[in-house]
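> Here is a sequence together with a model predicted from it:
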Amino acid sequence: LLYSLAPDVSNVSNLSSEKFYYPQVILGADDEVLMQKIKELDSYIRKYPNMAAGYINIASVYAELGDLEKALAYINMAERLANTEDERYMTYYNRSVIFFNRQDFRSAKEAAQKAKDIRNNSDIQDLINEIDEMLK
């Protein structure tokens, strides 16, 4: 519902498009939004400590904040709890992205290959292509 409403108050000057809505305009700065997500995901993890999804999601938020060590720690927890192919794919894919952002391209390639072994799609192939470019 929030994203379907056009904001009538904004802290962004010259917001010219009526077709694009930016949640941070309404919710606050990016870091504030991410910190709120962390609180919500912490609560989710406490409620469902054996579900990989919460750990995968919180890892993504920490990666977005630039805390790649915490992101990797949460991905490691998610990997231990992953029960489905989808969960395993997401842990390997996200691990690859974290390593890519740390500029550890060999580890990124290894994780991406594991994700590709589970599900060979254009997203993972694009990531592998980017990694290969960095390894040249």
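Noted; the coordinates are in hand.
> low-confidence ranges in this protein?
1-29 (pLDDT under 70).
> Can you show me the helices along it?
Counting by DSSP state H, one finds helices in the chain at the ranges 23-27, 30-47, 52-65, 68-81, 85-101, 105-118, 122-135.
> Now mean neighbour count too, for those, in TSV please.
(Glycine included, C-beta is placed from N, CA and C.) Shown next, in TSV, are these (neighbours: other CB atoms under 10 Å):
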stretch	mean neighbour count
helix 23-27	13
helix 30-47	14
helix 52-65	21
helix 68-81	18
helix 85-101	21
helix 105-118	18
helix 122-135	14
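> give the contact list for the spatially most central residue of the chain.
Nearest residue to the geometric centre of the chain (CA atoms, centre = their mean): residue 60, 2.9 Å. Going by CB atoms under 8 Å, 6 or more residues apart in numbering, residue 60 touches 71, 94.
> how far away is it from residue 53?
11 Å (CB to CB, to the nearest Å).
> same deal with residue 112?
Counting by CB to CB, the gap from residue 112 to residue 53 is 21 Å.
> now residue 83
10 Å.
> what touches both of those two?
With CB under 8 Å, 6+ apart, residue 83 and residue 53 have no common neighbours.
> Could you pull up the contacting residues of the spatially closest residue to residue 93 that is not a sequence neighbour?
Sequence neighbours aside, residue 115 is the residue nearest to residue 93 in space, at 4.5 Å (criterion: CB to CB, 6 or more residues apart in numbering). If a contact means CB under 8 Å, 6+ apart, then residue 115 has 89, 92-93, 96, 124 as its contacts.
> between the residues you listed, which is nearest residue 30?
residue 93 (22.7 Å; CB to CB).
> Surely that closest one and residue 121 touch.
No. Counting by CB atoms under 8 Å, residue 93 stays clear of residue 121, with 9.8 Å between them.
> next one: stretch 108-115 to chain centre, how far?
With CA atoms, centre = their mean, to the nearest Å as the basis, stretch 108-115 stands 16 Å off its chain's centre.
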